[in-house]
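Visitor: what's the 3D shape of this:
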Amino acid sequence: MADPNKSTTFNLQLPTSNTAGQMLAPALSTPQKLNTGSATGNPRNKCALKPGHSLMDWIRLGNSGVDLAGTHGRVTPVSSKELARHNTREDAWMAIRGKVYNVTRYMDFHPGGVDELMRGVGRDATKLFDEVHAWVNYQQLLIKCFIGPLRTVVKMDSIPEGKTSLPIVPTANFGKPLPVSNSSVPANIEVVPRFDWIQKRSDITIYIYTRQFCNPGLFVCRKCAKVLQLQVLIEHVQHMFELELHEEVLWPAKSVRVGSETGKIEVTLTKVEPALWPSYGAHTLSRGVMSEAEDSQYEYEVLKCSDFNHDSFELCLRGTPDVAMVLPIGYHVTIAALINGELIRRSYTPVSGKFLHQPLTADTDANSTNLNFLIKSYNEGSLSKHLRQRQVGQVLLLSAPRGNFRLQRLVTHRQIALIAAGSGLTPMLNLIEHLLKRNANRIDYLRLLYFNKTPADIWCRSELEQLQTTDERFQLVNVLSEADADWTGLRGRISNELLAPLMTKNTPEYASFVAICGPSGFSRAAEDILKELKFNLENLHIFQG
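Guide: Numbering: from 1, shown residues only. The predicted structure is shown next:
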C-alpha cells in the first residue's frame, strides 16, 4: 500500500492535550482519525515519559534554535559505514527512506521508549519503521534532526563471463538506448542517486540526491501526462529513473534545479488537478555506461539568433516538445546540421543567459532549461555560417552532454588559474560562477588569463570586469596579440614569461590548479610551457571539444 505520509507538506494536526502517547499525524483533504496509541503503533509499548518530555515540549525544543542534527545547518551525505558508527544511546543516528536523522536528543521524547528506538539506530530502519510507525509523519517530527541523504555504494568488481554490457531500459523517446561496454566500467562505481518527493496541492517536486561535487547532468523527458523519464549523468555513468505519476502533470516543468556543489536535483511539476496525492506513483531505476560513440540526437528549436560582436553571434535554444536538459559544469554538446548532403557536427559549451546582450525573460531565471551559446563565425566554417542563418522556430539537433571534466578535482584547491583563448572562454564562464559561489573550502583566489587578438575580440568584457570589481578574489588579465597603440594591458602570445608567476607560491598569481581551453595549438603550447615550468600535471585540466 502506498504511504500517505510521504510528503512533509500535509497539514499537521497537533494533539489537543499533553498526552505523551499522541503523535503528529497527517490530515488529508478529508478529516482523519488520530491514532492515540504509542508511537510504535502498539498500545502495549506505550511508556511513561519524564515531565517536560511531551510532544509539545519536543516541538518547543526544535523551535528553540538548538542544533538537534549536530551539523550546524549543513546537509551532509552519509555512507552506510558512517551511519553504523553512530549506534549508541549517546550518539544515535538512523536512516528512514534514504534520509539520515540524529535521534540522540529524541530518545527521551519517544513514547515507545528508548529501547524501542534503539532497535533502529546505526542502520537503515525503514522496514522496522513501516512495521510499527507507518502512520507517523516522521519527516515533520524529525525535521530539525535531518543530517543528509543516505549514500548507497554498489561495487562492480566484475561482470559475469559472457556478459558484455550492463542492462538498460530501452527509451524510445530518448533516442536510441545507450550502449554500454564492460571495458568502460571502473572497478568500483559509487551509485549515489536516491529518489525522494514532496508535494503541495498544486504541485509535486521530485528530488534526486547524488553526492557533493559529483556535478550531475540531467535530461528530463515527458512521455505522456503521467510518465516521466529522468536521466541523471554522473561522469560516464547514467542512471535512468522512469516515473509513472499518480495523476497528470503539466509541461514544461515549473522549475528544474541541479546543484553542482550539493549534487541535489529538483524537478517541480504543476498538477493538472490540484489535490493531495496518496503517493507519487511508482518508479523504476536502471543504469548504463555512456558511450562516446553514441549518436542519439534531440530536437531543439531556435528562440533567438542575433549578432554578439563583429564576428560572433548568440544562439538560444529550447527543447521540443517535452524535453529539458541541464549540462554538468565543464561539459559540452554537439550541434549537428545537414549541409549539402553531409551531416556536420561541432562542439559548443552553453553559457548562462546573463551573458547574452539581450537575454530572454526565461533565460534570466536560474531555473530555465534553455541552452544559450556564444558562437564564433568563421569564413570557412560551414556549420557556424549555417547556424547564424537560423530563424526563430527552426529546429536543430543536439547530442547528449559530453565531457570528462571532474569538478571534484578542484575541491581541495583554493588558488586556481583559468587560461582561455577566444571562444575557449565558454566553459570557463560557468566554472567561474561555481568557484566564486563555492561554500566548501571557499576559494581564495581565481585568475583568468584571457588571450585574444584585439580589444573587439574580447567576449563578455564588461561582465567580467564588473565581477572583478564586486569580488576581490577574481582577477581578469587580458592579453592581446594585435592590440593598437591605445591598449595599456599585456601584449603577446602565450609564453613562459606569462605563465611563470603561476608557479610562485605565496603570491596572488600562484595557482595549485590550472584549466585550459582554446584552439588545439594554443592548448598544446600552454601544456608544454607548464611542463617546462615543472607544474604538477595531475592538477591540470584541458577542455577539449
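Visitor: per the record, what domains does this structure have?
Guide: Annotated domains of the chain cover 11-151, 154-163+181-289, 297-399, 407-542 [automatic domain parsing].
Visitor: Tabulate those domains in a markdown table, adding columns for mean pLDDT and mean neighbour count.
Guide: The C-beta positions use only the backbone N, C-alpha and C, and glycine is treated the same way. Formatted as a markdown table, the domains of the chain follow (pLDDT from 0 to 100; neighbours: other C-beta atoms under 10 Å):
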| stretch | mean pLDDT | mean neighbour count |
| --- | --- | --- |
| domain 11-151 | 73 | 17 |
| domain 154-163+181-289 | 80 | 18 |
| domain 297-399 | 86 | 17 |
| domain 407-542 | 94 | 17 |
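Visitor: strand partners of the longest strand seen in the chain, parallel vs antiparallel please.
Guide: What stands out as the longest strand in the chain, according to DSSP state E, is strand 297-309. Here strand 297-309 is paired, per DSSP bridges, with strand 312-319 (antiparallel), strand 395-399 (antiparallel).
Visitor: Return the distance of whatever helix or strand comes next after the last one from the chain's centre.
Guide: Read it as strand 395-399. Remark: after strand 395-399, the chain's next helix or strand is strand 415-421, criterion DSSP states H and E. The chain centre lies 23 Å from the centre of strand 415-421; the measure is C-alpha atoms, centre = their mean, to the nearest Å.
Visitor: now stretch 228-245
Guide: Using C-alpha atoms, centre = their mean, the offset of stretch 228-245 from its chain centre is 13 Å.
Visitor: What's the end-to-end length of that stretch?
Guide: Length of stretch 228-245, first residue to last, C-alpha to C-alpha, to the nearest Å: 8 Å.
Visitor: which one is residue 518 nearest to, not counting chain neighbours?
Guide: residue 421 (3.2 Å; C-beta to C-beta, 6 or more residues apart in numbering).
Visitor: Next, the contact list for that neighbour, please.
Guide: 450, 451, 452, 494, 517, 518, 519, 522 (C-beta atoms under 8 Å, 6 or more residues apart in numbering).
Visitor: Do me a favour and get the end-to-end distance for stretch 270-277?
Guide: Termini of stretch 270-277 sit 13 Å apart (C-alpha to C-alpha).
Visitor: do stretch 322-340 as well
Guide: 30 Å.
Visitor: Enumerate every residue touching residue 385.
Guide: Contacts of residue 385 (C-beta under 8 Å, 6+ apart): 377, 378.
Visitor: For my notes, confirm it occurs in a strand.
Guide: No: under DSSP: H, G, I helix; E, B strand; the rest coil, residue 385 sits outside any strand and is assigned helix.
Visitor: Let me see the ranges of the helices in the stretch 251-400 of the chain.
Guide: 382-388 (DSSP state H, counting those that start in this stretch).
Visitor: which residues does the residue nearest to residue 518 form a beta bridge with?
Guide: Here residue 421, judged by DSSP bridges, has bridge partners residue 451.
Visitor: sorry, back to before: can you tell which of the strands paired with strand 297-309 is closest to residue 510?
Guide: strand 312-319 (32.7 Å; C-beta to C-beta).
Visitor: Run through who's touching that closest one.
Guide: 298-308, 325, 353, 356-357, 360, 363, 369-377, 387-388, 390, 396, 398, 423, 459.
Visitor: Repeat the analysis, applying 7 Å as the threshold.
Guide: The contact list for strand 312-319 (C-beta atoms under 7 Å, 6 or more residues apart in numbering) reads 298, 300-308, 325, 356-357, 360, 363, 369-377, 387-388, 396.
Visitor: before we move on, back to that, now for the strands paired with strand 297-309, which one comes closest to residue 428?
Guide: strand 312-319 (15.8 Å).
Visitor: Now do that closest one: distance to the chain's middle.
Guide: Using C-alpha atoms, centre = their mean, the offset of strand 312-319 from its chain centre is 23 Å.
Visitor: for the stretch 351-500 of the chain, what spans make up the strands?
Guide: 371-376, 395-399, 415-421, 445-452, 474-480, 490-491 (DSSP state E, counting those that start in this stretch).
Visitor: Format those as JSON lines; extra columns: distance to residue 76.
Guide: Converted to JSON lines, the strands of the stretch 351-500 of the chain look like this (distance: least, C-beta to C-beta, whole Å):
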{"stretch": "strand 371-376", "distance to residue 76": "32"}
{"stretch": "strand 395-399", "distance to residue 76": "35"}
{"stretch": "strand 415-421", "distance to residue 76": "24"}
{"stretch": "strand 445-452", "distance to residue 76": "25"}
{"stretch": "strand 474-480", "distance to residue 76": "28"}
{"stretch": "strand 490-491", "distance to residue 76": "43"}
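Visitor: list the contacts for the closest residue to residue 226 other than its chain neighbours?
Guide: Excluding its sequence neighbours, the residue lying closest to residue 226 (C-beta to C-beta, 6+ apart) is residue 245, at 4.8 Å. The contact partners of residue 245, taken as C-beta under 7 Å, 6+ apart, are 226, 228, 280, 281.
Visitor: correct me, but residue 327 touches residue 348?
Guide: No: counting by C-beta atoms under 7 Å, residue 348 is not a contact partner of residue 327; they are 10.7 Å apart.
Visitor: Check the contact lists of those two and give me the overlap.
Guide: By C-beta under 7 Å, 6+ apart, the residues touching both residue 327 and residue 348 are residue 333.
Visitor: what about residue 53, which SS state?
Guide: Taking three-state DSSP, the label given to residue 53 is coil.
Visitor: sorry, back to before: ok, so of the contacts of residue 421, who is nearest residue 97?
Guide: Nearest member of the contacts of residue 421 to residue 97, counting by C-beta to C-beta, is residue 517, at 42.0 Å.
Visitor: Identify the bridge partners of that closest one.
Guide: residue 420.
Visitor: What separation do you get for it and residue 432?
Guide: 12 Å (C-beta to C-beta, to the nearest Å).
Visitor: who's in contact with residue 388?
Guide: Going by C-beta under 7 Å, 6+ apart, the list of residues near residue 388 reads 305, 313, 377.
Visitor: Might one say that residue 376 is in contact with residue 423?
Guide: Yes: if you go by C-beta under 7 Å, residue 376 and residue 423 touch, sitting 4.7 Å apart.
Visitor: Point me to the helix or strand that includes residue 241.
Guide: Assigned by DSSP H and E, residue 241 falls in strand 237-245.
Visitor: Over to residue 58?
Guide: Here residue 58 is assigned to helix 55-62, by DSSP H and E.
Visitor: How far off centre is that helix?
Guide: 34 Å.
Visitor: next SSE after that helix?
Guide: Counting by DSSP H and E, what follows helix 55-62 is strand 78-79.
Visitor: Now do that following strand: which elements does it pack against?
Guide: strand 146-151 (3 or more C-beta pairs under 7 Å, 6 or more residues apart in numbering; DSSP states H and E).
Visitor: Which strands border the strand it packs on, and is each parallel or antiparallel?
Guide: strand 78-79 (parallel), strand 99-102 (antiparallel).
Visitor: Roughly how far does residue 357 sit from residue 200?
Guide: 38 Å.
Visitor: before we move on, what about residue 502?
Guide: 51 Å.
Visitor: what does residue 330 give?
Guide: Counting by C-beta to C-beta, the gap from residue 330 to residue 200 is 35 Å.
Visitor: same deal with residue 309?
Guide: Taken as C-beta to C-beta, the span from residue 309 to residue 200 is 45 Å.
Visitor: And residue 120, by the same measure?
Guide: 29 Å.
Visitor: try residue 348
Guide: 38 Å.
Visitor: now the strands for the stretch 151-300 of the chain?
Guide: Using DSSP E, counting those that start in this stretch, strands in the stretch 151-300 of the chain cover 154-155, 188-189, 194-199, 203-209, 217-224, 227-234, 237-245, 255-258, 264-270, 281-289, 297-309.
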